[in-house]
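Q: model this:
(2 chains)
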Amino acid sequence: MNAGFRSQVAAVVERDLRRERRRGDVVWVTIPFGAMALFLLPLAIGVDTQLLQRIGPGMYWVVVMLFGVLVSVGRASIETGAQRDAVSLLGLDPAAAYVGRSMSAAGLLLVYEIVVGVVAVVLYNIEVIGFPWLVLTLVITAVGLGLLGSLAASLVSSSSAGSALVPLLVAPLSVPLLLGATQVYEGLRLGRSILPWMLLMVVVMLVTAIVGVGTARPLQET
Amino acid sequence: MSFVIELHDIGVDAGSMSILRGVDLEVGPGEILGLFGPNGAGKTTLLRLVATLVRPSAGTGSVLGTDLSSQQRYAIRRRIGMIGHVPGLYPELTLGENLEFAARVAGVSRDEVGSALAAVGLAGVIDREAGVSSHGMQRRAEFARELMIDRDLLLLDEPHSALDQDAVELVNALVKKIAAEGGAVILVSHDRERVARIADRTVELTEGTLE
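A: Residues are numbered from 1 along each chain as shown, chains lettered A, B, ... in the order given. So this is what the prediction gives:
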């Protein structure tokens, strides 16, 4: 008798986080590169503190999206054919595998967002306003990117295309998340309503989750 | 008599290439079948087909009473064990963690992990990462996984390679145990002599066709 859906999801999350802890891809590669990108930008455009403060939040989200895609893709593309076969024969529900992979990627992305966020606040002197809403935005973006990255990786692994194509698939799909995240901050700063943008991000997240779960089995069996 | 594996005129294509052609095979409960053949004959594809991981392009077949083309084939995967010639463990996880993951997904108590590893002589290296374990140790760990999960069909690709004599005996004991419980086993090997000693019968696969 197979384990239940939730138990399988928990097993996948635990496996992925353990693998990441030993590999250190996010901690030792993605986070430093993200921070470095934020550090290099002021050098490229000059030390205009007002300009940096104005574009800082936008730059932060661009860096989160670009490097964040690599986090979720990396999690999904490090499985060999033999590992996939072994897992299939354990009776792992592909939908549980998708949800688990997405959740572990989201957890790592959240850590990444927080660390790079601190760097951005310090370097660009960004004003932190509407803290609870910003936290919610970080969580939704992390989950959304995790779901998108896992879906794209499943799409690519079911075809003959290489994993290098995954970022090309995820980058355009993450545009609504990028737009939503930047506009939430702008809305908070200018006192405008942020609900339409929050709604946009939640819809993207839910649609991706539904598509990912619904296509998990067909994509695995292709 | 209902067969554990029943294949009729099975073909498997990969693109324009035909990997298996007109394969007829019946394996009954309790039977141990040795499968031989040169490199590239399609042995691994045949194992993956029987494991429901590859769909037939032609012909009909059933495994453990389930049609290979039906959606129900997913449900029987948990009852099929397969050990390929490339280890399917996660190199970053310890041998114990690999089995713990398998136990959790398959719905087996975690308490079984320690005894399964002990049964294959790996009790002392439970915390060793799979990636730094020898090929033989990784194979033993995979056999421990199969011991832990109650399988009705076991598919082994070169089961004796990289194993010392003790481990070979363990593998043979596992094979005989599954057969004695009414399951079926297919052993793919180039070591005809060793396999012939435990197999009930042997077949030869040549260029995708069973002889």
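Q: out of the helices and strands in chain A, which is least certain?
A: helix A:166-173 (a mean of 77; mean pLDDT, DSSP states H and E).
Q: residue A:69 is in what secondary structure piece?
A: Assigned by DSSP states H and E, residue A:69 falls within helix A:49-76.
Q: what angle sits between that helix and helix A:166-173?
A: 130 degrees (axes from the mean of the first three to the mean of the last three CA atoms, to 10 degrees).
Q: show me how far helix A:49-76 is from its chain's centre.
A: 11 Å (CA atoms, centre = their mean, to the nearest Å).
Q: helices or strands up against it?
A: Applying 3 or more CB pairs under 8 Å, 6 or more residues apart in numbering or on different chains; DSSP states H and E, one finds that helix A:49-76 contacts helix A:31-45, helix A:94-124, helix A:131-157, helix A:166-173, helix A:175-190. Every residue, glycine included, has its C-beta placed from N, CA and C.
Q: out of the ones you listed, which is closest to residue B:90?
A: Of all those, helix A:94-124 sits nearest to residue B:90, with 13.2 Å by CB to CB.
Q: quick check: buried residues in the closest one?
A: For helix A:94-124, the neighbour count (16 or more other CB atoms under 10 Å in any protein chain shown) marks A:94-113, A:115-117, A:119-120, A:123-124 as buried.
Q: ditto for stretch B:194-210
A: Buried-residue list, stretch B:194-210, by 16+ other CB under 10 Å: B:194, B:195, B:198, B:199, B:203, B:205, B:208, B:209, B:210.
Q: I would like the residues contacting the helix or strand that contains the first one, please.
A: Taking DSSP H and E as the criterion, the element that holds residue B:194 is helix B:192-198. By CB atoms under 8 Å, 6 or more residues apart in numbering or on different chains, the surrounding residues in contact with helix B:192-198 are B:32, B:34, B:36, B:160, B:168, B:172, B:175, B:176, B:187, B:189, B:202.
Q: and if you look at stretch B:38-53?
A: By CB under 8 Å, 6+ apart, stretch B:38-53 touches A:85, A:88-89, B:5, B:7, B:10, B:12, B:19-20, B:23, B:35, B:37, B:54-56, B:61, B:63, B:66, B:68, B:73-74, B:76-77, B:80, B:82, B:84-85, B:153, B:155, B:157, B:186, B:188, B:205-208.
Q: tell me the secondary structure for the most centrally placed residue in chain B?
A: The centroid of chain B falls nearest to residue B:155 when counting by CA atoms, centre = their mean (2.1 Å). Three-state assignment for residue B:155 (DSSP: H, G, I helix; E, B strand; the rest coil): strand.
Q: got it, and residue B:33?
A: From three-state DSSP, the assignment for residue B:33 is strand.
Q: contact partners for it?
A: By CB under 8 Å, 6+ apart, residue B:33 lies in contact with B:27, B:184, B:185, B:186, B:187, B:199, B:200, B:201, B:202, B:203.
Q: phi, psi for the fifth one please.
A: Main-chain torsions, residue B:187, degrees, to the nearest 10: phi -110, psi 120.
Q: who are the neighbours in contact with it?
A: Residues in contact with residue B:187 (CB under 8 Å, 6+ apart) are B:32, B:33, B:34, B:35, B:156, B:159, B:175, B:195, B:198, B:199.
Q: one more: the last one?
A: Under the criterion of CB under 8 Å, 6+ apart, the contact list for residue B:203 reads B:25, B:33, B:34, B:35, B:36, B:210, B:211.
Q: ok, then the element right after the helix or strand harbouring it?
A: For residue B:203, the host element (DSSP H and E) is strand B:201-206. Following strand B:201-206 in sequence order, the next helix or strand is strand B:209-210 (DSSP H and E).
Q: mind listing what that next one pairs with, with the direction of each?
A: Strand pairing for strand B:209-210, using DSSP bridges, gives strand B:201-206 (antiparallel).
Q: the spatially closest residue to residue B:2 that is not a sequence neighbour: how many residues sit nearby?
A: Closest residue to residue B:2 apart from its sequence neighbours, by CB to CB, 6 or more residues apart in numbering or on different chains: residue B:65 at 6.5 Å. The number of residues packed near residue B:65 is 11, by other CB atoms under 10 Å in any protein chain shown.
Q: check contacts around residue 120.
A: Just going to use chain A. Contact partners of residue A:120, counting by CB under 8 Å, 6+ apart, are A:38, A:56, A:57, A:59, A:60, A:63, A:126.
Q: correction: the question concerned chain B.
A: Contact analysis of residue B:120 by CB under 8 Å, 6+ apart lists B:140, B:141, B:143, B:144, B:147, B:167, B:170.
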